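**Q** next one to model:
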Amino acid sequence: MRGSTPSFALLLAAVLATAALPAWARVIAPGDDLQAAIEAAGPGEALELLPGTHRGPVRLDRPVTLAGREGAILEAPDRGSVITVLAPGAAVRGLLLRGSGSSLDGMDSAVFLEQSAARAVVEGNRMEGNLFGVYVHGAPGAIVRGNTILGRRGGRMSERGDGISLWNAPGTRIEGNDIRWGRDGIFTKASQRNAFIGNRFRDLRFGVHYMYTNDSEVSGNASFGNHAGYAIMYSQRLTVRGNLSDGDRDHGLLFNYANGSQITGNWVIGRVAWARRAEDGAEDREHAALVAGEAGGPAPGKCVFIYNANNNRFTGNRFEGCGIGVHFTAGSEGNVIAGNAFIGNRNQVKYVGTRHLDWSRDGQGNYWSDNPAFDLNRDGTADAAYRPNDLVDRVLWTAPRAKLLLNSPAVQVLRWAQSQFPAILPGGVMDSHPLVAPPPPPEAGSGWRS
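**A** Predicted coordinates:
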């Protein structure tokens, strides 16, 4: 009897594990023909992969759930997509996925959602080293939630795929994913009514890249150490709210031909938080040094770049520690910029133009950390207007070599004359009601976890 005890224990464990599964789950062991099991499943059934390596690729052509226990791996032979979903309402959950092909034209992905896969769910998976993580190719109402996506490294960034790519998939929700490496975190084009909420992006080109996507929401996301945090282009009527950009190299927020949107409660920090990034090892510390400089000072980039973007409202944002707080250019009109905080930027505003712009609204302007203002009546608003730029700034932007004369007596006299005779000041940005104290920092979004 002693010799049979281990076998009995293994049998009992297997019985208990099987009993713990839902009645509708069919268990698939490594080595079983997974595609045959999918084709034999009825609508609404679930296939649960046991720990071990299962061979792909597979196609979900019926509304079933493909799920994995901890340690279940689905691996393709470096060709095509690991899982292709064709059926509406199908789901992929809890798997480690790897082994996609390398064709950008073929859109090789860990999970590829065809246009017919409306309302498909991709949830709680881990995807390693695939060209694309999830490609939502026209599947309306899809949900991509709670996945960890580790893209490819090395080579040209432009030849890598995106963590999540979305094309013409109205109503898709992308939430709570952690995306690292590859090209862009989320890339969307030609879509509408999408929501990107609570995602986290690291070591990418753009955290979020918007193209021709309207009436959508980007909220509560966090971008760390990317080339740019949020690049919003050729899109209209967006809500961009409560996002974090920490240490992104070139831009925190970028708006190019983006119109009629609400940009509120975002926080752009132009320096890397060393304590946070040191957890990830020496490579991240080296990357942090490239972004922030050995002294940990401000990054050289721009907190926000506004290029030909019209009729937007920028309120309640915090732009801090960048080379330029706001670069505002190229005919952007009708924008409201009020109630924001500009703190510790080397240049608070760069505006090369001749129009007069007042960045205040209904008696409320912005907070400027370099404004030595008085507030004698204690109403929270400075007694004098604030101008971030003068004629000297314009000369320096158009002729950078003039910086050699910055401390010369002639420049000092010119600046003194401008202060005494405001009529000679050029057109540009003015805040007629600057705040004397910064608004409270934006509240942390769900993707800001450390």
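**Q** which parts of this protein are helices?
**A** With DSSP state H as the criterion, the chain has helices at 5-20, 34-40, 274-277, 282-292, 391-398, 409-420.
**Q** which residues touch T148?
**A** 125-127, 177-178 (CB atoms under 8 Å, 6 or more residues apart in numbering). Just so you know, the C-beta spots here come from the backbone N, C-alpha and C atoms, and that holds for glycine as well.
**Q** for it, give its distance to S235.
**A** With the distance defined as CB to CB, to the nearest Å, T148 ends up 27 Å from S235.
**Q** repeat that for V336.
**A** From V336 to S235 the distance is 18 Å (CB to CB).
**Q** hang on, isn't G447 packed against N199?
**A** Yes. Counting by CB atoms under 8 Å, N199 is a contact partner of G447 at 5.2 Å.
**Q** shared neighbours, these two?
**A** 176, 221-222.
**Q** related to what we said a few turns ago, which one's more surrounded, G447 and N199?
**A** N199 (31 against 24; other CB atoms under 10 Å).
**Q** so who does the more buried one touch?
**A** Counting by CB under 8 Å, 6+ apart, N199 has contacts 174-179, 185-186, 221-222, 447.
**Q** run the last query once more with 10 Å
**A** 144-145, 147, 149, 163-164, 174-179, 185-186, 207-208, 218-223, 243, 445-447 (CB atoms under 10 Å, 6 or more residues apart in numbering).
**Q** before we move on, the earlier item: among the contacts of T148, who's most crowded?
**A** Result: N177 is most packed of these (other CB under 10 Å), 29 neighbours.
**Q** quick check: pLDDT value at the spatially most central residue of the chain.
**A** Centroid-nearest residue in the chain: G207, 3.3 Å away (criterion: CA atoms, centre = their mean). The per-residue pLDDT reported for G207 equals 98.
**Q** go ahead and confirm it touches I232.
**A** No. If you go by CB atoms under 10 Å, G207 and I232 don't touch, sitting 11.2 Å apart.
**Q** how many other residues sit next to A385?
**A** A385 has 16 nearby residues by other CB under 10 Å.
**Q** grab the nearest non-local neighbour of it.
**A** S432 (4.8 Å; CB to CB, 6 or more residues apart in numbering).
**Q** also G163?
**A** Nearest non-adjacent residue to G163 (CB to CB, 6+ apart): I179, at 3.5 Å.
**Q** ok, D108 next?
**A** D108 sits nearest to G101 (CB to CB, 6+ apart), 3.7 Å away.
**Q** list the contacts for the one you found?
**A** Contacts of G101 (CB under 10 Å, 6+ apart): 57, 76-82, 107-109, 130-131.
**Q** dump those into JSON lines; add neighbour count, pLDDT and distance to T315 as well.
**A** Shown next, in JSON lines, are these (neighbours: other CB atoms under 10 Å; pLDDT from 0 to 100; distance: CB to CB, whole Å):
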{"residue": "P57", "neighbour count": "21", "pLDDT": "98", "distance to T315": "48"}
{"residue": "A76", "neighbour count": "21", "pLDDT": "97", "distance to T315": "47"}
{"residue": "P77", "neighbour count": "12", "pLDDT": "97", "distance to T315": "52"}
{"residue": "D78", "neighbour count": "14", "pLDDT": "96", "distance to T315": "49"}
{"residue": "R79", "neighbour count": "15", "pLDDT": "96", "distance to T315": "49"}
{"residue": "G80", "neighbour count": "18", "pLDDT": "97", "distance to T315": "47"}
{"residue": "S81", "neighbour count": "28", "pLDDT": "98", "distance to T315": "42"}
{"residue": "V82", "neighbour count": "26", "pLDDT": "98", "distance to T315": "43"}
{"residue": "M107", "neighbour count": "18", "pLDDT": "98", "distance to T315": "38"}
{"residue": "D108", "neighbour count": "24", "pLDDT": "98", "distance to T315": "42"}
{"residue": "S109", "neighbour count": "28", "pLDDT": "98", "distance to T315": "38"}
{"residue": "N130", "neighbour count": "29", "pLDDT": "98", "distance to T315": "39"}
{"residue": "L131", "neighbour count": "25", "pLDDT": "98", "distance to T315": "39"}
